[in-house]
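**Student:** let's see this in three dimensions:
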Amino acid sequence: MPAFNYRVLIVSSVTLFVVIFVRKVKPTWPNMLFGMLIGGILTVLMGWHNEGVKVVGALPSPIPPVTVPAFSLESIKLLTTPALAIAMMGLMEAVSIARSVALQSGQRINGNQEFIGQGLSNIIGSFFSSYASSGSFTRTGVNYRAGAKTQAAGICASIWLFLIILFVAPYAAYLPIASMAAVILVVAYNLVDFHHIATIFKMSVTEAFILIITFLSTLFLELEFAIYVGALLSVGIYLNKTSNPSVLPRVPEGPSRHFVTVKSVEQLCPQFGIVRVDGDLYFAAMTYVEEQIALFHSLVPTQKKLLLVFSSVNHIDVTGVESLQHLIEDWRKGGGDIYLHGIKWKLMNILYKSGLMHLIGSNHIFRDKETAIEHIMKELDYNICAKCNKRVFWECDANKTRGNVNS
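**Tutor:** I've put the predicted structure just below:
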């Protein structure tokens, strides 16, 4: 407070008022430009640039010099972490802007093209002493309201910007830092999507938790580290969700033989079990999948045949292949066997490339459940079927008859 300067407050307040007023009255006008002009004129006319109101000062050159970035090992070590944070923040901001406009205009966006374009622009800009660039909420909003439709709007804006820098650069020396601060306040406020934040709190406790932790991290930690906290927290929660896929014991029901979830152990066949896996088989999920299958087997330890339904499995990685291999080998060592149903072509291709298909055997993979059940039922012990009082499958009656004949 002892260093308080009322002149700085007046300049920033006037700039802030002009920016907000022009935006309300004439939304398509460059309100921030008007605000900074008024702030600069006020500072110069009152002579406050000599009384504590700091100004930008003369630019070294209106045209940025062509330079080759320093690619030394020291500079790479120094810049890698903040550069990654800036890139992540820039990409997230650009994609958020594109999605917001696309929702209003009915357009489709291609996130990959945005990433490529932004990467190329920053690579080229690095040879002209440029700042790291990204999409702008302000410019995008003004462009959209003004009726801009194509990339030509960006080209025209670049040409005008070049002309302004070329001929107006000497006057930029009188631009007050306080005016720039006021403009940044407006920009920062525009970046806060209150509607989206409210929607997040209404829809998902998990996403609201990520938002709060990231927000607090930006206040108490370095900005780039706060971005990593938010990103890693999102990835961690996603991995936690996908690492516990739905693994359910199933039985056929009704004339259509539609698989339904088992509600009690009494519904299970003493020799033949069916388990459906809903989720990808990757490193974080395999421990849980194996534990669930072992749990179901412990409920009916006499089951020797197991049909795994993989119709909802879209991907399997190296860990998944190895775990599936160990699972099959363990069952076969115990005198049992495992069969697969509903495997998608992409998954089948991975099984062939990994060599696991040779272990499984093509006669253990079925396209439809009718064929799978019919084949596996013939592999059961008919003597056990003869003494079984359950009728889980249509084929149970035939198996009982065969068992009684054999006995």
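**Student:** make it CA atoms for all contacts and neighbour counts henceforth
**Tutor:** OK.
**Student:** put the alpha carbons of stretch 277-296 into CSV.
**Tutor:** Coordinates of each C-alpha in stretch 277-296 appear next as CSV, following Å, rounded to 0.1, in the frame of the first residue of the first chain:
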residue,chain,number,x,y,z
VAL,A,277,-15.5,-59.1,-20.5
ASP,A,278,-16.6,-55.5,-21.2
GLY,A,279,-13.5,-53.5,-21.7
ASP,A,280,-10.0,-53.5,-23.2
LEU,A,281,-7.5,-56.1,-22.1
TYR,A,282,-4.4,-53.9,-21.4
PHE,A,283,-1.8,-53.8,-18.7
ALA,A,284,-3.9,-51.9,-16.1
ALA,A,285,-6.9,-54.2,-16.5
MET,A,286,-5.5,-57.7,-16.6
THR,A,287,-5.0,-58.2,-12.9
TYR,A,288,-8.6,-57.3,-12.2
VAL,A,289,-9.9,-59.6,-15.0
GLU,A,290,-7.8,-62.5,-13.8
GLU,A,291,-9.0,-62.0,-10.2
GLN,A,292,-12.6,-61.9,-11.2
ILE,A,293,-12.4,-65.1,-13.3
ALA,A,294,-10.6,-66.8,-10.4
LEU,A,295,-13.4,-65.6,-8.1
PHE,A,296,-16.1,-67.0,-10.3
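**Student:** beyond the lowest-mean-pLDDT helix or strand in the chain, next helix or strand please.
**Tutor:** Across the helices and strands of the chain, mean confidence by mean pLDDT, DSSP states H and E is lowest for helix 137-146: a mean of 72. Beyond helix 137-146 on the C-terminal side, the first helix or strand identified by DSSP states H and E is helix 152-168.
**Student:** what angle sits between that following helix and helix 137-146?
**Tutor:** 120 degrees (axes from the mean of the first three to the mean of the last three C-alpha atoms, to 10 degrees).
**Student:** could you shift the numbering so residue one becomes 21, and keep it that way?
**Tutor:** I'll keep to 21 as the first residue from here, and by that count the last item is helix 172-188.
**Student:** how about the strand or helix carrying T234: buried residues?
**Tutor:** Per DSSP H and E: T234 is located in helix 225-240. Buried positions in helix 225-240, judged by neighbour count with 16 or more other C-alpha atoms under 10 Å: 227-231, 234-235, 237-238.
**Student:** please determine how far Q287 is located from L328.
**Tutor:** Distance, Q287 to L328, by C-alpha to C-alpha, to the nearest Å: 17 Å.
**Student:** these two: which is more packed in?
**Tutor:** L328 (22 against 15; other C-alpha atoms under 10 Å).
**Student:** so the more buried one is in which element?
**Tutor:** With DSSP H and E as the test, L328 turns up in strand 325-329.
**Student:** what's the first helix or strand after that strand?
**Tutor:** Later in the chain than strand 325-329, the nearest helix or strand by DSSP H and E is helix 338-353.
**Student:** let me see the mean pLDDT of that following helix.
**Tutor:** If you average the pLDDT over helix 338-353, you get 95.
**Student:** strand 325-329 and that one, what's the angle between them?
**Tutor:** Using the same axes, to 10 degrees, helix 338-353 lies at 160 degrees relative to strand 325-329.
**Student:** which strands and helices sit next to helix 338-353?
**Tutor:** helix 306-319, strand 357-361, helix 376-380 (3 or more C-alpha pairs under 8 Å, 6 or more residues apart in numbering; DSSP states H and E).
**Student:** ok and it relative to strand 357-361, angle-wise?
**Tutor:** Interaxial angle, helix 338-353 versus strand 357-361 (the same axes, to 10 degrees): 130 degrees.
**Student:** and G362, how far from W414?
**Tutor:** 21 Å.
**Student:** now do the strands in this structure.
**Tutor:** With strands called from DSSP state E, the chain shows them at 266-273, 278-281, 292-298, 325-329, 357-361, 385-386.
**Student:** which stretch among the helices and strands packed on helix 338-353 comes nearest L79?
**Tutor:** helix 306-319 (59.9 Å; C-alpha to C-alpha).
**Student:** got a list of contacts for that closest one?
**Tutor:** 263-265, 267, 269, 285, 295, 297, 323, 339-340, 343, 347 (C-alpha atoms under 8 Å, 6 or more residues apart in numbering).
**Student:** the longest helix in the protein is where?
**Tutor:** With secondary structure taken from DSSP state H, the chain has its longest helix at helix 93-125.
**Student:** now the angle from that helix to helix 157-166?
**Tutor:** If you take the same axes, to 10 degrees, helix 93-125 sits at 30 degrees to helix 157-166.
**Student:** elements contacting helix 93-125?
**Tutor:** helix 131-145, helix 157-166, helix 243-262.
**Student:** just to revisit the earlier point, so for the helix holding T234, what's the average pLDDT?
**Tutor:** Mean predicted confidence for helix 225-240 is 91.
**Student:** what about dumping the CA coordinates of it to PDB?
**Tutor:** Only the C-alpha atoms of helix 225-240 are listed here, as PDB (Å, rounded to 0.1, in the frame of the first residue of the first chain):
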ATOM      1  CA  VAL A 225     -18.200 -35.300  -9.300                       C
ATOM      2  CA  THR A 226     -15.000 -36.700 -10.700                       C
ATOM      3  CA  GLU A 227     -14.500 -34.000 -13.300                       C
ATOM      4  CA  ALA A 228     -15.400 -31.300 -10.700                       C
ATOM      5  CA  PHE A 229     -12.700 -32.800  -8.400                       C
ATOM      6  CA  ILE A 230     -10.200 -32.500 -11.300                       C
ATOM      7  CA  LEU A 231     -11.300 -28.900 -12.000                       C
ATOM      8  CA  ILE A 232     -10.900 -27.900  -8.300                       C
ATOM      9  CA  ILE A 233      -7.500 -29.600  -7.900                       C
ATOM     10  CA  THR A 234      -6.200 -28.000 -11.100                       C
ATOM     11  CA  PHE A 235      -7.500 -24.600 -10.100                       C
ATOM     12  CA  LEU A 236      -5.900 -24.800  -6.600                       C
ATOM     13  CA  SER A 237      -2.600 -26.000  -8.200                       C
ATOM     14  CA  THR A 238      -2.500 -22.900 -10.400                       C
ATOM     15  CA  LEU A 239      -2.800 -20.700  -7.300                       C
ATOM     16  CA  PHE A 240      -0.200 -22.500  -5.100                       C
END
